[in-house]
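*Asks:* Test case, fold it:
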Amino acid sequence: MDVKTFEIRDEATFIPVVAVCCCDPNEADQYLLDRAGYGFPFDQLVFVSKISGGFCQMQFEPHDWNSNTMTVAHKHIIDMWETLNSGDVIDVEFLLDKTEVAKTSERHG
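*Replies:* Numbers count the residues shown, from 1 in each chain. Modelled structure (predicted):
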């Protein structure tokens, strides 16, 4: 399993998330994923959860989010997992061609 954090951005939106890719599971992980009803390929199984105080919602299916921002970002995370690094910005406006320049992280000021 592989874990990364991302900064999801959209118009006037900042959502910190943690994502877990079930790629290359060990025997115990594979057994539990199988028992939970998740089948192969595990590299397409990416759980995403908003990092926020209190209630925590985690989804593995991008379309289950009640938010276009989260759906687009989750799909991008699945598609680009290998090239994304922890801390990267997922700019939904840029992905949807609404802006010409991708946003940079707020941590850079």
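*Asks:* Look up the closest residue to residue 94, ignoring the ones flanking it.
*Replies:* Once flanking residues are discounted, residue 94 sits nearest to residue 102: 4.2 Å by Cβ to Cβ, 6 or more residues apart in numbering. Any C-beta I mention is one placed from the backbone N, CA and C, and that applies to glycine too.
*Asks:* And for that neighbour, the neighbour number?
*Replies:* Applying other Cβ atoms under 10 Å, we find 12 residues neighbouring residue 102.
*Asks:* Using the neighbour-count criterion, name the buried positions in stretch 97-109.
*Replies:* Residues of stretch 97-109 classed as buried by neighbour count (16 or more other Cβ atoms under 10 Å): residue 103.
*Asks:* tell me how far that stretch is from the chain's mean position?
*Replies:* In terms of Cα atoms, centre = their mean, to the nearest Å, the centre of stretch 97-109 is found 17 Å from the chain centre.
*Asks:* and the closest residue to residue 44 other than its chain neighbours, what pLDDT?
*Replies:* Distance criterion Cβ to Cβ, 6+ apart; nearest residue to residue 44, sequence neighbours excluded, is residue 78 at 6.2 Å. The model reports residue 78 with a pLDDT of 94.
*Asks:* SS state for the residue nearest to residue 94?
*Replies:* coil (DSSP: H, G, I helix; E, B strand; the rest coil).
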